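S.K.: Sequence and predicted structure below; questions after.
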Amino acid sequence: MFIRDRIFDKLEELHMTQKSFSEKTGIPQSTISDWRKKRTNPTAEKIMIICEVLGVTPEWLLSGIESQGNRGNNPQKYVIDVQTDSGALIECYNALDKSSQAHLLGYAMGLKKMSEIDRNK
């Protein structure tokens, strides 16, 4: 089974239309239609957003195999829209040199700690 087949099977299982899938992923409907008609697969940069919208792991989407147990590290991943405040923050962070990144991270962690202290008062 190919990646495209797993996508369309999952869309059917979720009762999600190609239009809705397109809106949620930002992938044009014509591209999604091409996967079916031309029997192509999505490009690598689309995998994480597809997984997020379909509620599946990249491992399952790529191989059809779901990880079992805790044999490896399962790091958390975020798919963040660059048009949001979070996206803007990450874009700024990535534009900084390593020293400035460390300062910004330290500042953010300090703010988080102060916020937690204020909540517990």
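M.R.: Arrived safely. Model, not experiment: these values are computed from the prediction.

S.K.: where does the protein have low pLDDT?
M.R.: Within the chain, the ranges that satisfy pLDDT under 70 run 67-79.

S.K.: Helices of that one, residue ranges please.
M.R.: For the chain, the helices defined by DSSP state H occupy 3-13, 18-25, 29-37, 47-54, 58-63, 85-95, 98-119.

S.K.: Show me what the shortest one is packed against.
M.R.: Contact partners of helix 58-63 among helices and strands, from 3 or more C-beta pairs under 8 Å, 6 or more residues apart in numbering; DSSP states H and E: helix 3-13, helix 47-54. Every residue, glycine included, has its C-beta placed from N, CA and C.

S.K.: So which of those helices is nearest residue 38?
M.R.: Taking C-beta to C-beta, helix 3-13 is the member of the helices and strands packed on helix 58-63 nearest to residue 38, at 9.5 Å.

S.K.: name the helices or strands packed onto the closest one?
M.R.: Looks like helix 3-13 contacts helix 29-37, helix 47-54, helix 58-63 (3+ C-beta pairs under 8 Å, 6+ apart).

S.K.: and the helices and strands packed on helix 58-63 as JSON lines, adding distance to residue 60?
M.R.: Shown next, in JSON lines, are the helices and strands packed on helix 58-63 (distance: least, C-beta to C-beta, whole Å):
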{"stretch": "helix 3-13", "distance to residue 60": "7"}
{"stretch": "helix 47-54", "distance to residue 60": "8"}
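
S.K.: Which among those helices is found nearest to residue 28?
M.R.: helix 47-54 (13.0 Å).

S.K.: got the angle between the closest one and helix 18-25?
M.R.: Helix 47-54 and helix 18-25 are oriented at 120 degrees to each other (axes from the mean of the first three to the mean of the last three C-alpha atoms, to 10 degrees).

S.K.: List the buried residues for helix 47-54?
M.R.: Residues 49, 50, 51, 52, 53, 54 are the ones in helix 47-54 that count as buried (16 or more other C-beta atoms under 10 Å).

S.K.: No further queries at this time; thank you.
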